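Peer 1: Below is the sequence, then the predicted model.
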Amino acid sequence: MSITLLLILVTVGISLAAWNNPGLMDRWIMNPYAVAHQGQYYRLVTSGFLHADLSHLLFNMLSFYFFGGTVEAIFSQLFPGVGGIVLVVFYLIAIIISDIPTLIKHKDNSRYNSLGASGGVSAIIFATILVFPLTGIYFFFIPVPIPGFIFAILYLGYSYYAARQGSSGINHDAHLYGALFGILFMAVVFPQAIPSFFEQVGNWRPF
């Protein structure tokens with residue numbers, strides 16, 4: 001079994017368990033106040049395995065499934081024998097990093113909660129885009145796939161704008177910083193991806 005599929009199964013299992021156990025959901029959800037004032041740092045990780053509802057879970061896990069295998073394959077080539085371990089470490093750190101801005105912003109708000117794998121999934125997607133910037137991605141209402149690098153520009157721009165508005169109830173900060181971490185991590189472990197990215201984008205033609 002691939003590590004990607006294993007992470008998906010674990011996430012689905014924990015989300016299902018939390019839906020049937022409000023106490024578990026309450027203990028594991030990302031509550032910045034509890035992290036900052038009660039030292040419950042584990043919430044930075046556990047919240048990434050919880051989801052609000054079935055549509056939230058399906059969207060994140062389908063995205064993870066389509067891109068996680070690619071990143072796992074890249075890491076397996078870069079780190080023979082331990083590629084799966086690198087994927088797990090990368091994913092968990094991405095979840096933590098993507099939550100830090102939320103922690104700082106809402107650390108004194110005991111009523112604020114956040115959950116979901118979006119930060120980690122965004123990191124996975126953007127790590128893929130750095131290596132394969134022309135990969136086709138479907139974006140909201142657009143019926144045809146668009147090149148990954150164009151998706152990245154739209155996604156980052158929208159996430160930054162929406163995070164500044166702060167009224168949608170969605171943690172866009174996690175999306176933004178997870179994506180940026182994914183780019184940074186892949187650039188560090190696979191620096192050849194950077195010139196390759198610009199070469200591929202430079203040779204791209206829309207028609």
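Peer 2: Perfect, thanks for sending it.
Peer 1: what are the phi and psi angles of residue 114?
Peer 2: Backbone dihedrals for residue 114, given as degrees, to the nearest 10, come out at phi -150, psi 150.
Peer 1: got the contact list for it?
Peer 2: By Cβ atoms under 8 Å, 6 or more residues apart in numbering, residue 114 lies in contact with 29, 30, 32, 47, 99, 102, 171, 174. Every C-beta, even on glycine, is put in place using the N, C-alpha and C of the backbone.
Peer 1: How many residues are close by the first one?
Peer 2: What that stands for is residue 29. 18 (other Cβ atoms under 10 Å).
Peer 1: Now do it against residue 42, distance only.
Peer 2: Separation of residue 29 from residue 42 (Cβ to Cβ, to the nearest Å) stands at 11 Å.
Peer 1: how far is stretch 157-174 from where the chain is centred?
Peer 2: 15 Å (Cα atoms, centre = their mean, to the nearest Å).
Peer 1: for stretch 67-80, same thing?
Peer 2: Taking mean C-alpha positions (Cα atoms, centre = their mean), stretch 67-80 and its chain are 16 Å apart.
Peer 1: circling back to that earlier point, with the contacts of residue 114 in mind, which one is nearest to residue 64?
Peer 2: Proximity to residue 64 was ranked across the contacts of residue 114 by Cβ to Cβ; first place goes to residue 174, at 14.5 Å.
Peer 1: Report the next helix or strand after the strand or helix carrying that closest one in sequence order.
Peer 2: Using DSSP states H and E, residue 174 maps to helix 172-189. As assigned by DSSP H and E, the chain's next helix or strand after helix 172-189 is helix 193-203.
Peer 1: got the angle between that next one and helix 172-189?
Peer 2: If you take axes from the mean of the first three to the mean of the last three Cα atoms, to 10 degrees, helix 193-203 sits at 110 degrees to helix 172-189.
Peer 1: Could you give me the buried positions within helix 193-203?
Peer 2: By 16 or more other Cβ atoms under 10 Å, the buried positions in helix 193-203 come out as 193, 197, 200.
Peer 1: Stretch 145-159 now?
Peer 2: Quick answer for stretch 145-159 (16+ other Cβ under 10 Å): 146, 147, 148, 149, 150, 151, 152, 155, 156, 159.
Peer 1: who's in contact with residue 44?
Peer 2: Applying Cβ under 8 Å, 6+ apart, the residues near residue 44 are 30, 35, 95, 96, 99, 100, 103.
Peer 1: 6 Å instead, please
Peer 2: 96, 99 (Cβ atoms under 6 Å, 6 or more residues apart in numbering).
Peer 1: In a strand, it, correct?
Peer 2: No. Residue 44 sits outside any strand when classified using DSSP: H, G, I helix; E, B strand; the rest coil, being helix.
Peer 1: Make TSV out of the buried residues of helix 193-203 and add distance to residue 56.
Peer 2: Listed next are those as TSV, based on distance: Cβ to Cβ, whole Å:
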residue	distance to residue 56
193	30
197	31
200	33
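Peer 1: could these go into CSV alongside pLDDT and distance to residue 111?
Peer 2: As requested, the buried residues of helix 193-203 are exported to CSV (pLDDT from 0 to 100; distance: Cβ to Cβ, whole Å):
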residue, pLDDT, distance to residue 111
193, 97, 42
197, 97, 42
200, 97, 46
